[in-house]
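Here is a sequence with its predicted model. Questions after.
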Protein chains: 2
Amino acid sequence: PKNSMAKVAELAKKAMNLGKDDPRRITHSLKVGVALSLVSLIYYYQPLYNSFGVSAMWAVMTVVVVFEFSVGATLSKGLNRGLATFLAGALGVGAHHLASLSGKTGEPIMLGFFVFLQATGSTFMRFFPQIKAKYDYGMLIFILTFALVSVSGFRQEEILEFAHKRLSTVVIGGSACLIVSIAVCPVWAGEDLHRHIALNMEKLANFLEGFGDKYLRESEDDASNRDESLFRGYKSVLGTKSNEESLANFASWEPRHGRFGFRHPWKQYLKIGASIRQCANRIEALDGYLTTKFHAPPQVQIRLKELCAEMSMEAARALRQLSSSHKAMIVPSSATPHLENSRAAVKALKSLLETASRKDATDLLAIVHAATVTSLLIEVVDCTDKIAESI
Amino acid sequence: PKNSMAKVAELAKKAMNLGKDDPRRITHSLKVGVALSLVSLIYYYQPLYNSFGVSAMWAVMTVVVVFEFSVGATLSKGLNRGLATFLAGALGVGAHHLASLSGKTGEPIMLGFFVFLQATGSTFMRFFPQIKAKYDYGMLIFILTFALVSVSGFRQEEILEFAHKRLSTVVIGGSACLIVSIAVCPVWAGEDLHRHIALNMEKLANFLEGFGDKYLRESEDDASNRDESLFRGYKSVLGTKSNEESLANFASWEPRHGRFGFRHPWKQYLKIGASIRQCANRIEALDGYLTTKFHAPPQVQIRLKELCAEMSMEAARALRQLSSSHKAMIVPSSATPHLENSRAAVKALKSLLETASRKDATDLLAIVHAATVTSLLIEVVDCTDKIAESI
């Protein structure tokens, strides 16, 4: 019992942390509970139950399946589901009508054929990348509703009523989701994406700052006691592609909210995200040189270090400026001087390398690499700058 | 009309290409059609319909929702759905029983409270990363079935029968999916992952070979007419993380098949995949130097080029050997000589750089970088080698 008690305590602690990390998780859970309770009122309230009957379960089902964390995702699923139910219901009624023309023995064969054809065709359509990205769930519901309506028609006379009930309960469930999702502490995918991009830029800036400060500025022996959290930061940037893509997809479904218009250029965010990831790749390569000591021939060592540190620091400052101006959605002019500074440092470094003769080449391995990566980095920052301007 | 005709033709062409790219897509679509037709037999065949009635639609639903492209994904969804339906059904019956104890007016309040509590709790549990990874769908169905069963109980007397019917139809639908999925041209996620990893290694090898061959060996003017397809190859490797993770997840659900045992070390594949991606990152950095001309001081130019080309070629050969031995699932001993060769080349290059004095530093920028990246690359290959050995 002690062991299991400890396990329960650990689980509770984990749950606490999950809630603390993002309190919206708790609100989201409560919202789902509220929406579900709301919809199950159909069962409890007699007049409503009279008109829907057992179909009320579609409303319950819709709420559970459609309610997603962000408004965009909920909207995308809800609209997909509603539209697909409508189209497939109409088509199903039509198919049933066609099949019933062929008599009592022909009907199941015709129906089976229709269902097979539609399922095969729609499943194949789900492989189209454009459809997969935005309408995958809709296609699923399309197959589902078509099969349900047309096949149920074989057993139930009131097929129109069946289709109609299914559609209206789905719409009720979907609306309940949307209303709760938007009215109670809405979570906008767009806002998430916006913040996510800004945060990623800051993570890169953190690394560069730490790199410039700890590794290059201070004495060489201090290089070992570097702050680990600095390095984890940029690593989380590397694998964010699919996350950003789904956020941008959901964001594109969202209506106008806050500072974001209806046709906010979410695709630009993906481009910025890609540049940031490219930058993070370079930083990862740079990170590999942290363990090697920084030493160059003594006559250029100090100057080299200075320049590298300057490049790193200025790039970090530029990124930080970009991040904050991105947050405020203004043209990032404040980053320009830092970019210019870092570019000047690159130039100085290049000329230093050109003029300095007689160097020990193995040491150059470390320093030249740092220089190239930083210059690459500046290119990336430059490109981010261009994109950020287009907001 | 001509315009729309052209559009239809274009669509047909796209569909053809989708099918040609992966014929399994066509088989998969047909399989879904077959499974759905099979399950809808419940409706047509009188004795079966007598025992299930309207609940037959759960079977149709299960097929549409559970049938996924690979066996692993289908199995994971099917088991999740079946188990969650069972647990939630039992719990729902219990909750209904508890609520019915509190009289006619107390019952809906109690039920509403239970549903709210369960929905909130389960939704929150879906945020646990471990649960999200493997049992997300199960949790969804858990909420769904609990709400359906407990709330329906308020209206239907035979709640046990309702829960039982739902469970048995879900099991029927799930079994139909599994049987069709495994019996007819099965698509194993594990096999896909296996091939995917081997292919990725080859893509890297392609780039390195092209790099060594075109950029370093031939005359400098030829550097411009490089083969574009070489470069796209490794780029597709960069964003594969989430794809690999889901494949490995599905693969872990799959039973023993072909050369893969039940407890095949799929997690190792993720490690290899991560090394490959890291390697691809380095290659991307290397790619940035393709546009700059390769020139070093004349006295070392030829030797440098030779060594770089050798490193690149040997690394490519090693990767190719690793890939083919990975495919055949044997210990990759054939790659070892190539790895040794490339490491020897790195050593030679380093000593060359050490001894050569009086070099033009800006030119070194390009060459030293190439050398460092390639040496990094060899480290990565080395690490891949280690992992591949553990298969």
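In hand now; what should we look at? Numbering: from 1, shown residues only, chains lettered A, B, ... in the order given.

for the host helix or strand of residue A:200, packing partners?
Here residue A:200 sits within helix A:189-210, counting by DSSP states H and E. Contacts defined by 3 or more Cβ pairs under 8 Å, 6 or more residues apart in numbering or on different chains; DSSP states H and E place helix A:189-210 against helix A:71-100, helix A:228-238, helix A:241-253, helix A:266-287, helix A:298-328. All C-beta spots, glycine's among them, are computed from the backbone N, C-alpha and C.

averaging pLDDT over each of those, which comes out lowest?
Note on the helices and strands packed on helix A:189-210: helix A:228-238 shows the lowest mean pLDDT, a mean of 69.

picking that back up, run the chain-centre distance for the helix holding residue A:200.
13 Å (Cα atoms, centre = their mean, to the nearest Å).

mean confidence score for that helix?
83.

Give me the number of neighbouring residues for residue A:343.
19 (other Cβ atoms under 10 Å in any protein chain shown).

my bad, should have said residue A:158
11.

mind checking the backbone torsions on residue A:126?
phi -60, psi -10 (degrees, to the nearest 10).

Now do the contacts for the nearest residue to residue A:115 once chain neighbours are set aside.
Spatially, and ignoring its direct neighbours in sequence, residue A:115 is nearest to residue A:147 (5.2 Å; Cβ to Cβ, 6 or more residues apart in numbering or on different chains). Contacts for residue A:147 (Cβ atoms under 8 Å, 6 or more residues apart in numbering or on different chains) come out as A:92, A:115, A:118, A:119, B:36, B:40, B:60, B:64.

Identify those among the residues you listed that sit within helices.
A:92, A:115, A:118, A:119, B:36, B:40, B:60, B:64 (DSSP state H).

Give me the buried positions along stretch A:13-23.
Residues A:15, A:18, A:19 are the ones in stretch A:13-23 that count as buried (16 or more other Cβ atoms under 10 Å in any protein chain shown).

ok, and of these, which contact chain B?
A:15, A:18, A:19 (Cβ under 8 Å from any Cβ of the partner chain).

For the host helix or strand of the last one, which outside residues touch it?
This means residue A:19. Element membership for residue A:19 (DSSP H and E) is helix A:2-21. Contacts with helix A:2-21, where a contact means Cβ under 8 Å, 6+ apart, come from A:25, A:26, B:124, B:127, B:128.

surely the first one meets residue B:127?
If I follow you right, that is residue A:25. Yes: in this structure, residue A:25 is within contact of residue B:127 by Cβ atoms under 8 Å, at 5.0 Å.

Contacts only, for residue A:187.
Per Cβ under 8 Å, 6+ apart, neighbours of residue A:187: A:24, A:28, A:69, A:70, A:71, A:181.

Count the neighbours of the fifth one for me.
Read it as residue A:71. Counted with other Cβ under 10 Å, residue A:71 comes out at 24.

How about the third one?
Residue A:69 sits with 21 neighbouring residues when counted by other Cβ under 10 Å.

For it, report the pLDDT, please.
89.

give me the element it is part of.
Per DSSP H and E: nothing holds residue A:69, as it lies in no helix or strand.

How much space separates it from chain B?
Residue A:69 sits 9 Å away from chain B, taking Cβ to the nearest Cβ, to the nearest Å as the criterion.

what do you get for the first one?
Per Cβ to the nearest Cβ, residue A:24 is found 10 Å from chain B.

Over to the fifth one?
Relative to chain B, residue A:71 is positioned 16 Å away (Cβ to the nearest Cβ).

contacting residues for residue A:28?
Per Cβ under 8 Å, 6+ apart, neighbours of residue A:28: A:69, A:187, B:123.

of those, closest to residue A:249?
The closest of the contacts of residue A:28 to residue A:249 turns out to be residue A:69 (Cβ to Cβ; 13.6 Å).

Contact partners for that closest one?
Applying Cβ under 8 Å, 6+ apart, the residues near residue A:69 are A:24, A:28, A:187.

Could you report the pLDDT at the second one?
As summarised for this prediction, residue A:28 has a pLDDT of 89.

quick one: buried residues of the helix or strand it falls within?
Per DSSP H and E, residue A:28 falls inside helix A:24-44. Of all the residues in helix A:24-44, those buried under the rule 16+ other Cβ under 10 Å are A:24-26, A:28-44.

out of the contacts of residue A:187, who's nearest residue B:195?
For the contacts of residue A:187, the nearest to residue B:195 is residue A:69 (34.0 Å; Cβ to Cβ).

Now for residue A:132, how many residues are close by?
Neighbour number of residue A:132 under other Cβ under 10 Å is 12.

my read: it touches residue A:124, true?
No: applying Cβ under 8 Å, one finds residue A:132 not in contact with residue A:124, separated by 11.5 Å.

circling back: could you work out the most separated pair of the contacts of helix A:2-21?
Between any two of the contacts of helix A:2-21 (Cβ to Cβ), the greatest distance is 13.5 Å, for A:26 and B:128.
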